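Student: structure for this input, please:
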Amino acid sequence: MTQADPSHVSGLSERDREILAFERQWWKYAGSKEQAIKELFEMSPTRYYQVLNALLNSEEALAEDPMLVKRLRRMRDQRQRSRTARRLGVDSTRAGRDGAAVHRLEL
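Tutor: You can find the predicted model right below:
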(Lines give C-alpha, C1' and ligand atoms only; values in the text may rest on other atoms or scores of the structure.)
Protein backbone atom coordinates (compact mmCIF):
# COMPACT_ATOMS: atom_id res chain seq x y z
CA MET A 1 0.00 0.00 0.00
CA THR A 2 1.39 3.40 -0.95
CA GLN A 3 1.31 6.43 1.27
CA ALA A 4 -0.97 9.25 0.13
CA ASP A 5 0.57 12.43 -1.24
CA PRO A 6 0.14 15.12 1.47
CA SER A 7 -1.08 17.67 -1.11
CA HIS A 8 -4.07 15.42 -1.84
CA VAL A 9 -4.86 14.96 1.84
CA SER A 10 -5.00 18.67 2.73
CA GLY A 11 -6.13 19.91 -0.67
CA LEU A 12 -3.31 22.46 -0.68
CA SER A 13 -0.42 22.54 -3.09
CA GLU A 14 3.15 22.54 -1.85
CA ARG A 15 3.38 26.25 -2.78
CA ASP A 16 0.23 27.01 -0.76
CA ARG A 17 1.70 25.29 2.30
CA GLU A 18 4.98 27.18 1.80
CA ILE A 19 3.09 30.49 1.63
CA LEU A 20 1.29 29.71 4.89
CA ALA A 21 4.60 28.75 6.51
CA PHE A 22 6.16 32.00 5.27
CA GLU A 23 3.27 34.07 6.67
CA ARG A 24 3.73 32.36 10.04
CA GLN A 25 7.30 33.63 10.34
CA TRP A 26 8.21 36.08 7.58
CA TRP A 27 9.80 38.54 10.01
CA LYS A 28 12.62 36.07 10.63
CA TYR A 29 13.98 36.69 7.13
CA ALA A 30 16.65 39.34 6.67
CA GLY A 31 15.57 42.39 4.69
CA SER A 32 12.12 43.40 3.61
CA LYS A 33 9.17 41.08 3.26
CA GLU A 34 8.87 42.03 -0.42
CA GLN A 35 12.47 41.01 -1.08
CA ALA A 36 11.94 37.67 0.68
CA ILE A 37 8.82 37.08 -1.43
CA LYS A 38 10.78 37.68 -4.64
CA GLU A 39 13.60 35.39 -3.56
CA LEU A 40 11.54 32.54 -2.09
CA PHE A 41 8.56 32.43 -4.44
CA GLU A 42 10.01 33.96 -7.61
CA MET A 43 6.99 36.21 -8.06
CA SER A 44 6.26 39.88 -7.61
CA PRO A 45 4.83 41.01 -4.29
CA THR A 46 1.62 42.02 -6.10
CA ARG A 47 1.17 38.51 -7.49
CA TYR A 48 2.07 36.99 -4.11
CA TYR A 49 -0.68 38.96 -2.37
CA GLN A 50 -3.17 37.94 -5.05
CA VAL A 51 -2.27 34.29 -4.43
CA LEU A 52 -2.35 34.80 -0.66
CA ASN A 53 -5.80 36.41 -0.76
CA ALA A 54 -7.20 33.54 -2.80
CA LEU A 55 -5.58 31.12 -0.36
CA LEU A 56 -7.11 32.91 2.64
CA ASN A 57 -10.55 32.46 1.08
CA SER A 58 -10.12 28.69 0.80
CA GLU A 59 -11.55 26.24 3.29
CA GLU A 60 -8.47 24.05 2.79
CA ALA A 61 -6.19 26.81 4.15
CA LEU A 62 -8.54 27.35 7.07
CA ALA A 63 -8.41 23.63 7.87
CA GLU A 64 -4.60 23.58 7.54
CA ASP A 65 -3.91 26.47 9.97
CA PRO A 66 -7.10 27.99 11.43
CA MET A 67 -5.42 30.50 13.76
CA LEU A 68 -3.11 31.91 11.09
CA VAL A 69 -5.80 32.13 8.42
CA LYS A 70 -8.28 33.79 10.79
CA ARG A 71 -5.63 36.30 11.91
CA LEU A 72 -4.68 37.13 8.32
CA ARG A 73 -8.36 37.45 7.35
CA ARG A 74 -8.93 39.88 10.24
CA MET A 75 -5.92 41.94 9.21
CA ARG A 76 -7.07 41.99 5.58
CA ASP A 77 -10.60 43.01 6.58
CA GLN A 78 -9.27 45.82 8.80
CA ARG A 79 -7.11 47.18 5.96
CA GLN A 80 -10.11 47.09 3.61
CA ARG A 81 -12.27 48.94 6.16
CA SER A 82 -9.55 51.56 6.66
CA ARG A 83 -9.18 52.13 2.90
CA THR A 84 -12.94 52.45 2.49
CA ALA A 85 -13.17 54.85 5.43
CA ARG A 86 -10.42 57.05 3.97
CA ARG A 87 -12.18 57.16 0.60
CA LEU A 88 -15.44 58.15 2.26
CA GLY A 89 -13.85 60.72 4.56
CA VAL A 90 -14.69 58.70 7.66
CA ASP A 91 -12.46 58.75 10.72
CA SER A 92 -11.80 55.02 11.11
CA THR A 93 -9.78 55.65 14.27
CA ARG A 94 -12.98 56.67 16.02
CA ALA A 95 -15.01 53.65 14.97
CA GLY A 96 -17.30 52.22 17.61
CA ARG A 97 -16.77 48.84 19.26
CA ASP A 98 -19.21 47.27 16.82
CA GLY A 99 -17.17 48.59 13.88
CA ALA A 100 -19.62 51.40 13.07
CA ALA A 101 -17.67 54.35 11.78
CA VAL A 102 -18.01 57.84 13.18
CA HIS A 103 -18.29 60.41 10.36
CA ARG A 104 -16.34 63.62 10.47
CA LEU A 105 -17.00 66.73 8.49
CA GLU A 106 -14.20 67.61 6.10
CA LEU A 107 -14.07 71.27 5.12
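
Student: OK, contacts around Gly11?
Tutor: Taking CB atoms under 8 Å, 6 or more residues apart in numbering, we find Gly11 in contact with 58, 60, 63. For every residue, glycine as well, the C-beta is placed using N, CA and C.

Student: confidence score at the nearest residue in space to the second one that is not next to it in sequence?
Tutor: Read that as Glu60. In space, not counting the residues next to it along the chain, Glu60 is nearest to Gly11; the distance is 3.7 Å by CB to CB, 6 or more residues apart in numbering. Listed pLDDT for Gly11 reads 88.

Student: one more: the one 3 residues further on?
Tutor: We have a pLDDT of 97 for Glu14.

Student: what do you get for the one 10 residues further on?
Tutor: pLDDT, the model's per-residue confidence, is 94 for Arg24.

Student: so it is in which element?
Tutor: helix 14-25 (DSSP states H and E).

Student: ok, now how distant is the spatially most central residue of the chain from Gln80?
Tutor: Among the residues of the chain, the one closest to the centroid is Leu72, at 4.3 Å (CA atoms, centre = their mean). Per CB to CB, to the nearest Å, Leu72 is found 13 Å from Gln80.

Student: do the same with Arg74
Tutor: Arg74 sits 11 Å away from Gln80, going by CB to CB.

Student: with Val51 instead?
Tutor: Counting by CB to CB - Val51 and Gln80 are separated by 18 Å.

Student: and what of Leu55?
Tutor: 17 Å.

Student: looking at the two, which has the bigger crowd around it?
Tutor: Taking neighbours as other CB atoms under 10 Å, Leu55 and Gln80 compare with Leu55 leading, 22 against 10.

Student: OK, contacts around the residue nearest to the more buried one when sequence neighbours are not counted?
Tutor: Using CB to CB, 6+ apart and skipping residues adjacent in sequence, the residue nearest Leu55 is Ala61, 4.9 Å away. Contact criterion CB under 8 Å, 6+ apart gives 12, 16, 20, 55, 69 as the residues in contact with Ala61.
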